[in-house]
Each structure stands twice: as C-alpha cells, then as structure tokens.
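[1] Sequence first, then the predicted structure:
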Number of protein chains: 2
Amino acid sequence: MSLNLQTHTEHFTNPLYLESGRILEPYDITYETYGTLNDAKSNVIVICHALTGSHHAAGVYEDDNKSGWWDGLIGSGKAIDTDKYFVICSNVIGSCFGSTGPMSMQHPHHQEYRYKFPVVSIKDMVKAQRILFDRLDIHRVEAIVGGSMGGMQALQFAIHYPNFANKIISLAATHATQAWAIAFNKVAQESILKDPDFKQGYYDPEVIKEQGLSGMAVGRMAGHISFLSPESMREKFAREYKLTDGLYELFGKFQVESYLEYNGYNFSKWFDPLTYLYITKAINIYDLARGFDSLGEALKRVTANLHLISFKNDVLFKNFEMQELAQELTSIGNTNHTYIDIDSDYGHDAFLVELDKFDTYIKDILNG
Amino acid sequence: MSLNLQTHTEHFTNPLYLESGRILEPYDITYETYGTLNDAKSNVIVICHALTGSHHAAGVYEDDNKSGWWDGLIGSGKAIDTDKYFVICSNVIGSCFGSTGPMSMQHPHHQEYRYKFPVVSIKDMVKAQRILFDRLDIHRVEAIVGGSMGGMQALQFAIHYPNFANKIISLAATHATQAWAIAFNKVAQESILKDPDFKQGYYDPEVIKEQGLSGMAVGRMAGHISFLSPESMREKFAREYKLTDGLYELFGKFQVESYLEYNGYNFSKWFDPLTYLYITKAINIYDLARGFDSLGEALKRVTANLHLISFKNDVLFKNFEMQELAQELTSIGNTNHTYIDIDSDYGHDAFLVELDKFDTYIKDILNG
C-alpha cells in the first residue's frame, strides 16, 4: 500500500497561552500524515521530532531524494505500520519548517519576530500539538512515539494530557535536561551569538541559506560529538587521516575532522540559527517536575501505558536518567510501564540509526 | 623545608630536528625546579604538563596568589617530596610560557613565527626536554610523572629514551589519541580559526591579552565539557539557575552556563590561540606506535618500571584506552608494569583535582 504522505499547514487565530505567561497569536502548525484515518478515528499514532527534525518523518518528497528522518520505522509493513495506523508528525512551535518560530512574521508588523519571539517550552510544543489534534477532531490517540526532544514531548503528553494517548513510547530522552546536555547546547549557542554574521539576530536568512553561518557550524560540530560516543567514533573513523594531507601539516585533517566540518557547515545552511537558540533553550529548561512538588507527583498523573527506552552508550542523555524515571514510576506504584536499556555503542543517535535494535520492540508494544 | 622554587630559561643554538623533518633553531626552554639536586644527581623527578599547563607545577610566585597546577602533589612532605627529590618541570616546545612556540620571534627576522612555526609532536616535546636535561648534566632520572598530555610525554619517554628513567607514571592518558578527543580539539580549532579577531593568525597578542578571543573562549567551553563528566557536572551544578535570571528569558542562564562562560572567556585572555592550535595538533597526531610495526613493537623498547593510571569516568581519554595499553604490555611479556583504574566520577580533570585518590599510590611507587 502507498504511504499516502500528505503535508498540511493549519492556521490558528486564538492565542496560544505559553508556560512563560506570554502568548503566541496567531500561529501556524505544519504537519504531515501517513496512512489513512479510520472512521472511528481510533488508529492515530503521533510522532514527535527532535531538535533539528521536522514533520517530515517518513517517505520521500517528489522533488527530493532524502527520506524522512524515521523512514525506516514508519511505513507499510514497518514497525509503525501505515497500512494500519494513521500517523501524524507536526513541526514543533518554535521551529523553522513551517510552524511559527522566531523567523516567522510577527502579526501585524510583517517583520520577523527574531528576539521578540517568546521562549517556548516542551510543554508549549505539546500544548500546540494538542490544539492541532482538536482541530483535526482527534481527541484520543493510540500512541505517541518520539526520541530525544521527541521523547521529552512524549513524556510531557503523558503528564499533561493523561487521557490523550493509550500508549507512550519515549526513546533516548530524560526526565529533566542535565547540566552536561545544557553545556553542549551552551557551546552551540555561544558560538552562534559570537559569529559577527549572526548580527545579533538580525542576519539575512537568505544569506545564511547560501553561505551558512560558521558559528552555527562550529556549534553543530560540538552537537555531533554528543550525538555519537567515543566507541562509535572510533569504529567509524579510527585514526584515519585524509590521504592527501600531510600528518605534520597544521591543517592536515583526520577523517573525523572532515566529517565534523562537512556536517557542521552543511547544517548551517539549512537550519535557522535563531531557531537553534530557541529550541535548545526549550530543551535546557525541560523538567517534567516543574509545576509539581516532585517528579513523583508529576508522574502520578500518568495513566497511559508508558514505555521508556534508553541506549547504553548515549552520551547526551545518559541511560541512568531514564533509569531514574523508571525507578520513580515504580516507587509511586505505577505498574503500567516498561523500561529497557538497549545495548548499543552508537551513542545518542542510535534512536535514528540503529532501528533494527528496537523496531520489533516498538511493533510489539503497538500490537498489544 | 622550603620548596626552593627556581625558574630558568635555557637557550639552545643547535637545531632541534623535529619528527616532521623540519628543524627548530634556535630555541628556548623555560623550566622550573623544586628541591635540591643531590651530589650524585640521582634524585631527579621530571614532571610533564598538559595542554594548557606550564612549567609552574608547584609553589606560588611572589607576585601571584595562584599556586602551580600540581601543588597538592609536589612539595615538602607531599607525594612528590621536594625534601627528597629534585623536581623539574619544563614548558613544552610549542607552548607559550617561555619555551619557543608559534608566537616566538623567528630568527633572524624578528617577527613571530605564527603559521611558519613547524608542527611539533609529543615526541619532539620529549626530545627537547632530553636535550635540556643533557645541558643540566642530568642523564638519568628517578621518575617521570605526567597526566593527560603530560602522561603522553611520560609514555614517549619510556619508548624513545628507555634508559633515561627508572620509573614512569602516566595518568589520564592514552596510547594514541582517538577520534573522540580529536573531535573536541576540532571544535576548539575551528572556533578559533573562524573568529575574525584571530585575523588568520595575524592577531595582535596584546589585544588578545586584554580582550580575549571569543572563538577560543567557545572552543575552551567545549574543552571543559570533555574535562568533566555527566556525573560531575550534575554534582557540581545540578539544574541550578542563576537567581537573577528568569527561566523564560532567552538569555537567562543555568549555573553550568555561567561556569563555562567565565572559564572560557577568562582562559581566552591568558592562553595564546595559535599555541592552542599547535598543541592540540600535537595531541591529535600522538600515537606511540608511529614509526613501529605495531604498538607492541613500540612497547618492547620499554625498560622502565611503568605505571599506568586511568580514571573510571574520564570522558576524554577513556579508561579502556589505558587498559588496552596495559593489555598490550602484558601480551608482549612485560612484567614490569602496573595498571590501576581509579574509581572517580569527576572525569578527565580528576588527575588535577582528586589528588587524594592517587597521591599515596604515587608516593608508594616512588618509595619503591
């Protein structure tokens, strides 16, 4: 069967009340769907994307050759089977792929928000999605699945909309962003801010698209370190040196250096730097316990069947953080959750790359 | 007894033949000594410093209030007892604290070398020290001790000058720099290079000293991540937010962010950026096996009593790298080495900070 990929943008004129007390009004949410909604509207699966992800989670656009970021997981006959489920993935509020973010036009000024954009939180991202689903007349879903920042959203759904999903699957995430991850984000933020071409937020987005922004490139290089692991980098690059470069040339390069350069500079052409500042901020302030007396109190709200998946060598969100979450669930008497730690050397990006290590597990959860 | 701190600079007019095939001529080496050389010259301990370290390993200068980087370990009655030993620590070739480096004047032009400075290796640093000791009429020493890049130097001594030291102690180092550590260095290098104030290496050092260099500050922030660990950052900073900042302010800061900013920008005022490029290059190309058929072949040259110390949560040079070295020694039949992995959550900087976890061990080694 066909994937039935569809992309839409919904426009909302009612204010979105943000956790900060500020409002976003009006706003758009761009989303993508795969599969077909059944008559009972009972076959919906929500996918939540990570920091630099988008609503394009599966399939290939006609004018493109790159498939969606979880294409190996979502599709006909795959773990998230589009023959059976109607899958929705929306671009988060604050991002730069169609939903309203810092480079959107601020109504009614017809100028980009830039620094006037309010700080949004993971909770705000989830709230906006909930409003989108309301618009689509979807009031309960079969499952919510996400990794990294997507896994944070899945957990926020579990706490703030406890009756919305039957099953929640959170991969490679945490209950609250720890200092280590904040530190990596800091390097990227500082690197962006200090780039003179960033022009204190008043850069020309067209110039960025064409030339990239070296500050963001450098920041992304730091990000790539946190997405891999000492083990996977060694496996991938060893100490291979670029053949054409001399070992004693100051600018001679190891393969790992070329990899970081290529990915860093390439990234800086397709991702908006202000958006990077705002989304990393959302990740930094993420804390499931905020607004509750404790994490345990927050977790008492969960009624969905909750599944936690960590990766053994995730360097960004350490597996012990997910373990703490599982332990807290157990300690408050929640018997409706599972936790597995997947044996992987890959690092954080395992949730995007080593699908064969958990796709059957996700299929089994969804099947019952 | 007094520390008997003395600082000297020796000038060498003979060329230093570098691993690259290039030469350095003339060159200076600045070094510091503590304690008193006995008549037999048999009580010498050599200390090797790390990336941003210097010859100032112990004691306090008259006009300063900051003690040397290993002051807790070196001194009267301490693990490296200056009542007993004559301790020498020299600033490595390529550094910026008195020994010849990229910002030294190139003879006879009376202009800084800058990019004309040759790439030096850890082996070159060791060779230059060996020549210094010759000048000082010291031909055999009791021990060589170093951590991180200092630990690399200690190991290079063991292989290239097998008859020079009775005992070698290498902490928090590796047998060859792996892709993960190279990646962290890459972020710093790229960040320096892309800073317009770096002026392609033709910056004004006086301006840097006064204003710092934001590119180096950002790069150093990435460095600080690699010097700590997820566990120690959590212990140190938790998710504490700066009291005066609002959580939903885009530029509101977590304590860990303030820490990185403070240390990054401060560092960029006292360390020379070209030197950072050259010394990280030396670390990147460090590989004990270079010039040999294998690591085992290199290690067959070792005759000193060799002691390897790793730290369990060292994120920069993983403890398994030191384990590999120990295993290789065992597999070639070396029975004259020890290896311990110290239980520490601190991370790489444990070798500078958690002295109480290994100072007795070092004392015992030195005492025989």
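    Great, that's in hand. Residues are numbered from 1 along each chain as shown, chains lettered A, B, ... in the order given.
[2] alpha carbons only for contacts and neighbour counts from here, please
    OK.
[3] which residues sit in contact with the residue nearest in space to the middle of chain A?
    The centre of chain A sits closest to A:Ala50, judged by C-alpha atoms, centre = their mean, with a distance of 1.0 Å. Shown in contact with A:Ala50 (C-alpha atoms under 8 Å, 6 or more residues apart in numbering or on different chains): A:146-151.
[4] In this structure A:Tyr34 contacts A:Asp83, no?
    No: with contacts counted by C-alpha atoms under 8 Å, A:Tyr34 stays clear of A:Asp83, the gap being 9.1 Å.
[5] which neighbours do these two share?
    A:3, A:75.
[6] So which of those two has more stuff around it?
    A:Tyr34 (27 against 17; other C-alpha atoms under 10 Å in any protein chain shown).
[7] Tell me the bridge partners for that one.
    A:Val87 (DSSP bridges).
[8] what does the stretch 51-200 of chain A put close to chain B?
    A:118-120, A:177-180, A:182-184, A:186-187, A:190-191, A:194-195 (C-alpha under 8 Å from any C-alpha of the partner chain).
[9] switch the cut-off to 10 Å
    A:115-121, A:176-192, A:194-196 (C-alpha under 10 Å from any C-alpha of the partner chain).
[10] returning to what we had before: can you list the contacts of A:Ala50 in TSV and add neighbour count and distance to B:Leu325?
    As requested, the contacts of A:Ala50 are exported to TSV (neighbours: other C-alpha atoms under 10 Å in any protein chain shown; distance: C-alpha to C-alpha, whole Å):
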residue	neighbour count	distance to B:Leu325
A:Gly146	25	41
A:Gly147	26	37
A:Ser148	25	35
A:Met149	27	38
A:Gly150	26	40
A:Gly151	27	39
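[11] Nearest to chain B among the residues you listed?
    Minimum distance to chain B across the contacts of A:Ala50 is 16.7 Å, recorded for A:Ser148 (C-alpha to the nearest C-alpha).
[12] that older thread, just the pLDDT at the residue nearest to the centre of chain A, thanks.
    In the predicted model, A:Ala50 carries a pLDDT score of 98.
[13] and the gap between it and B:Ile47?
    Look at A:Ala50 and B:Ile47: by C-alpha to C-alpha, to the nearest Å, they are 47 Å apart.
[14] what does A:Leu3 give?
    Applying C-alpha to C-alpha to A:Leu3 and B:Ile47 gives a distance of 65 Å.
[15] okay, the two: which has more neighbours?
    B:Ile47 (26 against 20).
[16] so how far is whichever strand or helix holds the more buried one from its chain's centroid?
    Here B:Ile47 sits within strand B:44-48, counting by DSSP states H and E. Counting by C-alpha atoms, centre = their mean, to the nearest Å, strand B:44-48 is centred 13 Å from the centre of its parent chain.
[17] Within its sheet, name the partner strands of that strand and how each one runs.
    By DSSP bridges, strand B:44-48 pairs with strand B:86-90 (parallel), strand B:141-147 (parallel).
[18] Following the chain onward from the last one, which element is next?
    For strand B:141-147, the following helix or strand on the C-terminal side (DSSP H and E) is helix B:149-160.
[19] Are we agreed that A:Asn263 is in a helix?
    Yes: per DSSP: H, G, I helix; E, B strand; the rest coil, A:Asn263 lies within a helix segment.
[20] List the residues that contact it.
    A:217-218, A:220-221, A:224, A:257 (C-alpha atoms under 10 Å, 6 or more residues apart in numbering or on different chains).
[21] Among those residues, which ones lie close to chain B?
    A:217-218, A:220-221, A:224, A:257.
[22] looking at those, which has the most residues close by?
    A:Val218 (32 neighbours).
[23] Need the three-state assignment for that one.
    Applying three-state DSSP: A:Val218 is helix.
[24] That one against B:Ala183, yeah?
    No: A:Val218 is beyond contact range of B:Ala183, at 11.1 Å (criterion: C-alpha atoms under 10 Å).
[25] who's in contact with the residue nearest to A:Val60 when sequence neighbours are not counted?
    Once flanking residues are discounted, A:Val60 sits nearest to A:Ser67: 4.5 Å by C-alpha to C-alpha, 6 or more residues apart in numbering or on different chains. Residues in contact with A:Ser67 (C-alpha under 10 Å, 6+ apart) are A:56-61.
[26] ok, of those, which come out buried?
    Buried members of the contacts of A:Ser67, counted by 16 or more other C-alpha atoms under 10 Å in any protein chain shown: A:56-59.
[27] Tabulate the residues you listed in JSON lines, adding columns for secondary structure.
    Formatted as JSON lines, those follow (three-state DSSP):
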{"residue": "A:His56", "secondary structure": "coil"}
{"residue": "A:Ala57", "secondary structure": "coil"}
{"residue": "A:Ala58", "secondary structure": "coil"}
{"residue": "A:Gly59", "secondary structure": "coil"}
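[28] and the closest residue to A:Ala238 other than its chain neighbours, what is it in contact with?
    Among residues not flanking A:Ala238 along the chain, B:Ala179 sits closest, at 6.1 Å (C-alpha to C-alpha, 6+ apart). Counting by C-alpha under 10 Å, 6+ apart, B:Ala179 touches A:225, A:229-240, A:254-257, B:185, B:284.
[29] Now do the same contact list for the residue of chain A positioned farthest from its centre.
    The C-alpha centroid of chain A is most remote from A:Tyr248, which lies 40.4 Å away (C-alpha atoms, centre = their mean). By C-alpha under 10 Å, 6+ apart, the contact list for A:Tyr248 reads B:19-22, B:118-121, B:281-282, B:285.
[30] Swap in 8 Å and give it another go.
    B:20, B:119-120.
[31] Does it fall in a helix, a strand, or a coil region?
    Following three-state DSSP, A:Tyr248 is assigned to coil.
[32] For chain B, what's the nearest residue on the stretch 51-200 of chain A?
    A:Trp180 (5.1 Å).
[33] Can you tell me how far that residue is from B:Glu240?
    Distance of A:Trp180 to B:Glu240, given as C-alpha to C-alpha: 13 Å.
[34] Of those two, which one has the most company?
    A:Trp180 (27 against 14).
[35] Which strand or helix spans the more buried one?
    With DSSP H and E as the test, A:Trp180 turns up in helix A:179-193.
[36] Just give me how far that helix sits from the chain centre.
    With C-alpha atoms, centre = their mean, you get 17 Å for helix A:179-193.
[37] Okay, buried residues for it please.
    Those would be A:179-193, for helix A:179-193 by 16+ other C-alpha under 10 Å.
[38] Show the end-to-end separation of stretch A:26-41, please.
    28 Å.
[39] Let me fix that, I meant to ask about stretch A:171-178.
    16 Å.
[40] now stretch A:103-120
    14 Å.
[41] roughly how far is it from the heart of the chain?
    The answer for stretch A:103-120 is 22 Å, by C-alpha atoms, centre = their mean.
[42] wait, isn't A:Trp70 in contact with A:Ala58?
    Yes: taking contacts as C-alpha under 8 Å, A:Trp70 lies within contact range of A:Ala58: 5.7 Å.
[43] Start from the N-terminal end of chain A and give the strands.
    For chain A, the strands defined by DSSP state E cover A:6-12, A:16-17, A:23-24, A:27-34, A:44-48, A:74-75, A:80-81, A:86-90, A:105-106, A:111-112, A:141-147, A:165-171, A:305-311, A:337-342.
[44] right, quick check: the third one against chain B, any contact?
    No: judged by C-alpha under 8 Å from any C-alpha, strand A:23-24 stays clear of chain B, getting no closer than 12.6 Å.
[45] neighbouring strands for that strand, and are they parallel or not?
    strand A:16-17 (antiparallel).
[46] I would like the residues contacting the strand it pairs with, please.
    Residues contacting strand A:16-17 (C-alpha under 8 Å, 6+ apart): A:23-27, A:128.
[47] Using PyMOL, define a selection of the buried residues within those.
    To isolate the buried ones among those in PyMOL, judged by 16+ other C-alpha under 10 Å, type:
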select buried, chain A and resi 24+27+128
